[in-house]
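Visitor: predicted coordinates and the sequence they were generated for:
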Amino acid sequence: MSEANKTDAGRHLSKIMQNAYMDLHTRAKEGAFVVWIAINVPAELFYGFENLVYAVPESHAAMNAGKGVGAVQCEKAERIGYSMDLCSYARIDIGCAADGGRDSPSFGLPKPNLLVSNNNNCSLLVKWFDVHHREMGVPHFIIDVPFCYGPQKEKDRNYIIRQFYDLIQTIEDLSGQRFDWDKARQALDYTNRGIVHWKRFLSHARHRPSGITAFDSFVQMAPFLIMRGTPEFEAHYKLLADETEQRVKAGDFPVPDERYRLFWDNIAPWHQLRDMSSNLADSGANIIGATYTSCIGTVEGSFDMYPYDGRDPMRYLARTQNCYICPHGMGLRRRAMRQAVETLGIDGIVFASNRSCKPYSVTQMDQQKFMSEHLGIPSVMVDVDHADVRKYSKESTFTRLEALLEMIDAKRAA
Amino acid sequence: MIEKIKALKGQGKPVIGCFPLYPPLELFHSLGLNPVVLWRLKGEGGQTGESDRHLQNYTCSVARHMTEFLLSEESGAFLDGIFMYNACDTLRNMPEIIEGGLETAGRSVPFFNIHIPMVPPAQTDGDEYLKNEVNRLIEELEACFDRKFDSVAFQNSVAQFKRLRMLYLQAEAAVANGGIGFREFAGVFRKAAGMPVEQQQGILEPLLSQYAENSKNQDKAGIILSGILPPPDAMVEAMESSGLRIVGNDIAALHRSYADMPQPGAEPAAYYRDFYFNHYPCPTLLYSGDRRVQALLERCQQTGAKGVVFIGEKFCEYEYFEFPYLEKKLGGQGVQTLLLELAVDDEDHSAAHGARIEAFAEMLSTS
Ligand code: SF4
Ligand code: SF4
């Protein structure tokens, strides 16, 4: 999208993202302690350290894919022996790191002093970070989060909290810096307030026609991944929610003749956002929500916000380790999806079966069956790799999407 | 496997199907239960038709065959319980898929589940967490099967499994010095798998008493097999007829399962602390990553292997993330590597790997 066509929030997003990556490189060069983290490592804790910056390889990989260089980076990893069957985020990151950051829109990521992985979204991420740990000789801290089939248990929360304390200790030991609780608490406040705005932004999907598309929300997730805990994070989501509210009030909708309200299940197809959204809009269809974006700031089994109560930050951070979709089981996913389908008035669901992300995709076949049998919601399953365009077929995807619209029509006519 | 499970049922003890490969077998055994590790189930439930209704085709063959087995009327119906500990991203979704599948078929089986801490012990102390998990499992088993944990029985079970592990290690040593062929060894393992521990010993003992050291093939290039499951016989045959001698293995279902001897004891939590945290390194035990390369290099040194053949279980990320680095490290020590990939229906076509195996054998013979 050209700058001129962007919304204010869209332009602001480009600016803050650019600044964030520039700041990351600059501060790393000036000697800040650099941590690479999995997306749901509690980044707010890092603001308790004076001179520390963090980078998020998954988000960086998504950016590469969104800018059209995902496959180029994947091929680099494949050339050094990494299988094409591995998660495309991992291949992008490994390929990019092996090639010194070349082709990356942000010139790669600065070399880390510490790697912090987390096995709640997926266990393979630990193996992926082990690749860097071995190749770069950098310490690797593994956060182990028990997978949950029901609400998080107290024993698991305490176990996670213990690991957070060990993480702080590890950083103190490695960086020589002292941890400041007040600063971490303040960071958590920024995150919490930012998420309130994020939820406000997403709530405009309830409007008919929807005030947003899931494609907008995919793009706008980036600050959540790399800027949590900052005033810029809060300010950006306020701008986004306010602007969306104004547009809805003014009757400015992304798909004004919206006839089909769809819901997306899986990671965003980063390489197809524009193409998919405009093609769907031509048919009067709008993907108005997604599990991927709805789960931000929630806990397992619901897409409602789980607010920070201002008390023990460790308890809150541990409690929200099960947000996102992958760290919890099918029953919980089902409950949250059902809630979204009902509140948003969804006509059909697109299950994006993503061979790059098994933790997200395994269970989808059963989910699809449940949604059809118990809620009577038409759905299709399309094959998408979120970051490797070589594993995507536009033709077959659109054939299925068209079939979905036909199913919805048939249901309405019945 | 199904026949063995039926036979176990005939003994009157409840049968617990376990996955993945390192469940607390001694504990089940001490409670008078018959644990069966659910591995290499291809062919047990026919095709993958049932599993295909639940799992995409980009999940590994282990998960697909296991799902097929558990959901099929024939086999799954004979289990009295299913146990699982946390493993890969595919397996962690299995309990609900299987429970749902069984429910649809009008059946239900109690599921037992524990979380093994995946934190490196030097980083975070997972002892207490593991202890609680083990104790919770004991309580759940006691309640479900009306048993009472007994520490003397536990020690006896520990001794039985220790004996079995030692027998496997002896058999493996016999493979290394040429007295037993790898195919024969794997065949015995397959035959023993799923049987009670005492019967497994009874199968291995005669094998060991019969073997004689064989110096005939010592000139052949020695290799180690690495992977999740042993390769199909046709593939082993292709290796042996190409002039390769399998002198050891780093296979999850084999060496990685029996290589370590946890400190015997009467207290399950302490025993399993040793069992899991000092376990022979395996990519599925995330905390063992730092010991993995060294362990494989040592295996090569101990057996004099000149090469390692990785049997890649297609779609197993745990294994595949490690191959490039292992290949590099082994190469640095003069150990050559070959990666052969096996997918869900490849077993019968493994002869197709023949040309690559021959080329590898030739390379080793000239290196
Ligand atoms: S497998 Fe899925 S959850 Fe894991 S890193 Fe890849 S995209 Fe993320
Ligand atoms: S082979 Fe790998 S992917 Fe398959 S079940 Fe085992 S650990 Fe999981």
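Guide: That came through, no problem. Ligands and ions are numbered 1, 2, ... in the order given.
Visitor: where do the helices sit along the stretch 51-200 of chain B?
Guide: Using DSSP state H, counting those that start in this stretch, the helices of the stretch 51-200 of chain B run over residues B:61-71, B:73-76, B:94-104, B:127-145, B:151-176, B:182-192, B:197-210.
Visitor: who in chain A is up against ligand 1?
Guide: A:58, A:87, A:89, A:121-122, A:124-125, A:267, A:326, A:356-357, A:359-360 (Cβ under 6 Å from any ligand atom). All C-beta atoms are positioned from the backbone trio N, CA, C, and that covers glycine.
Visitor: adding distance to A:G176, pLDDT and neighbour count, write these out as TSV.
Guide: What follows is those, written out as TSV (distance: Cβ to Cβ, whole Å; pLDDT from 0 to 100; neighbours: other Cβ atoms under 10 Å in any protein chain shown):
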residue	distance to A:G176	pLDDT	neighbour count
A:E58	28	98	25
A:C87	34	98	29
A:Y89	32	98	31
A:N121	31	94	23
A:C122	32	96	26
A:L124	32	96	25
A:L125	28	98	26
A:I267	38	95	27
A:C326	35	92	24
A:S356	39	95	24
A:C357	38	97	25
A:P359	36	96	25
A:Y360	39	96	24
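Visitor: quick check, nearest of these to B:L164?
Guide: A:L124 (32.1 Å; Cβ to Cβ).
Visitor: please list which of the residues of chain A next to ligand 1 are also close to chain B.
Guide: When the residues of chain A next to ligand 1 are checked against chain B using Cβ under 8 Å from any Cβ of the partner chain, the ones in range are A:C87, A:C122, A:L124, A:C326, A:P359.
Visitor: how about these, which pair is most distant?
Guide: A:C87 and A:C326 (11.6 Å).
Visitor: where are the low-confidence patches of chain B?
Guide: B:42-46, B:75-76, B:212-218, B:346-351 (pLDDT under 70).
Visitor: relative to ligand 1, which residue of it is the closest?
Guide: B:D89 (6.7 Å; Cβ to the nearest ligand atom).
Visitor: OK, contacts around that residue?
Guide: A:C122, A:S123, A:L124, A:C326, A:K358, A:P359, A:V362, B:E317 (Cβ atoms under 8 Å, 6 or more residues apart in numbering or on different chains).
Visitor: for it, which non-adjacent residue is closest in space?
Guide: Using Cβ to Cβ, 6 or more residues apart in numbering or on different chains and skipping the chain neighbours, the partner closest in space to B:D89 is A:P359 (4.1 Å).
Visitor: contacting residues for that neighbour?
Guide: Taking Cβ under 8 Å, 6+ apart as the test, what A:P359 contacts is A:N121, A:C122, A:S123, A:C326, B:D89, B:R92, B:N93.
Visitor: how about the first one, phi and psi?
Guide: Same thing as A:N121. phi -70, psi -50 (degrees, to the nearest 10).
Visitor: identify the contacts common to A:C87 and A:C326.
Guide: By Cβ under 8 Å, 6+ apart, the residues touching both A:C87 and A:C326 are A:C122, A:C357.
Visitor: just the element for B:Q302, please.
Guide: Using DSSP states H and E, B:Q302 maps to helix B:289-303.
Visitor: compute the inter-axis angle for that helix and helix B:151-176.
Guide: Helix B:289-303 and helix B:151-176 are oriented at 50 degrees to each other (axes from the mean of the first three to the mean of the last three Cα atoms, to 10 degrees).
Visitor: anything in helix B:289-303 near chain A?
Guide: Yes. Residues of helix B:289-303 are located near chain A by Cβ under 8 Å from any Cβ, namely B:G289, B:V293.
Visitor: quick check: buried residues in that helix?
Guide: B:G289, B:R291, B:R292, B:V293, B:A295, B:L296, B:L297, B:R299, B:C300, B:T303 (16 or more other Cβ atoms under 10 Å in any protein chain shown).
Visitor: need the next SSE after it, C-terminal direction.
Guide: Per DSSP H and E, the helix or strand that comes after helix B:289-303 is strand B:307-313.
Visitor: which other helices and strands contact the helix or strand following that following strand?
Guide: For strand B:307-313, the following helix or strand on the C-terminal side (DSSP H and E) is helix B:317-332. In terms of contacts (3 or more Cβ pairs under 8 Å, 6 or more residues apart in numbering or on different chains; DSSP states H and E), helix B:317-332 is packed against helix A:124-136, helix B:289-303, strand B:307-313, strand B:336-342.
Visitor: can you list the domains in chain A?
Guide: A:3-182, A:197-413 (automatic domain parsing).
Visitor: can you list these in TSV and add distance to B:H255?
Guide: Formatted as TSV, the domains of chain A follow (distance: least, Cβ to Cβ, whole Å):
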stretch	distance to B:H255
domain A:3-182	20
domain A:197-413	27
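Visitor: of all those, which one is nearest B:V197?
Guide: domain A:3-182 (29.6 Å).
Visitor: would that closest one count as contacting ligand 2?
Guide: No. Judged by Cβ under 6 Å from any ligand atom, domain A:3-182 makes no contact with ligand 2; its nearest approach is 8.9 Å.
Visitor: run the chain-centre distance for that domain.
Guide: How far domain A:3-182 lies from its chain's middle: 13 Å, per Cα atoms, centre = their mean, to the nearest Å.
Visitor: what's the answer for stretch A:322-331, then?
Guide: 13 Å.
Visitor: pull that stretch out as PDB, backbone CA atoms only.
Guide: These are the backbone C-alpha positions of stretch A:322-331, laid out as PDB (Å, rounded to 0.1, in the frame of the first residue of the first chain):
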ATOM      1  CA  ASN A 322      -1.400 -19.400  27.900                       C
ATOM      2  CA  CYS A 323      -2.800 -16.600  25.800                       C
ATOM      3  CA  TYR A 324      -2.400 -17.200  22.000                       C
ATOM      4  CA  ILE A 325      -3.900 -20.200  20.500                       C
ATOM      5  CA  CYS A 326      -1.100 -22.700  20.400                       C
ATOM      6  CA  PRO A 327      -0.400 -23.200  24.100                       C
ATOM      7  CA  HIS A 328      -3.800 -24.700  24.900                       C
ATOM      8  CA  GLY A 329      -5.900 -27.600  23.800                       C
ATOM      9  CA  MET A 330      -8.800 -28.100  21.500                       C
ATOM     10  CA  GLY A 331     -11.600 -27.800  24.000                       C
END
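Visitor: give me the contact list for that stretch.
Guide: With Cβ under 8 Å, 6+ apart, stretch A:322-331 has contacts from A:39-40, A:120-122, A:145, A:147-150, A:152, A:291-292, A:295-301, A:306, A:321, A:333, A:357, A:359-360, A:363, A:366-367, B:89, B:92-93, B:95-97, B:100.
Visitor: returning to that earlier point: how about the residues of chain A next to ligand 1 in a markdown table, adding secondary structure?
Guide: As requested, the residues of chain A next to ligand 1 are exported to a markdown table (DSSP: H, G, I helix; E, B strand; the rest coil):
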| residue | secondary structure |
| --- | --- |
| A:E58 | helix |
| A:C87 | coil |
| A:Y89 | helix |
| A:N121 | coil |
| A:C122 | coil |
| A:L124 | helix |
| A:L125 | helix |
| A:I267 | coil |
| A:C326 | coil |
| A:S356 | coil |
| A:C357 | coil |
| A:P359 | helix |
| A:Y360 | helix |
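Visitor: run through the helices of the stretch 151-300 of chain A in chain order.
Guide: With DSSP H, counting those that start in this stretch as the criterion, the stretch 151-300 of chain A has helices spanning A:154-175, A:181-203, A:214-219, A:222-226, A:231-249, A:273-282, A:291-294.
Visitor: let's have the ones you listed in JSON lines, adding distance to B:L79 and mean neighbour count.
Guide: Below are the helices of the stretch 151-300 of chain A laid out as JSON lines (distance: least, Cβ to Cβ, whole Å; neighbours: other Cβ atoms under 10 Å in any protein chain shown):
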{"stretch": "helix A:154-175", "distance to B:L79": "27", "mean neighbour count": "18"}
{"stretch": "helix A:181-203", "distance to B:L79": "44", "mean neighbour count": "20"}
{"stretch": "helix A:214-219", "distance to B:L79": "42", "mean neighbour count": "24"}
{"stretch": "helix A:222-226", "distance to B:L79": "43", "mean neighbour count": "21"}
{"stretch": "helix A:231-249", "distance to B:L79": "50", "mean neighbour count": "19"}
{"stretch": "helix A:273-282", "distance to B:L79": "44", "mean neighbour count": "16"}
{"stretch": "helix A:291-294", "distance to B:L79": "33", "mean neighbour count": "23"}
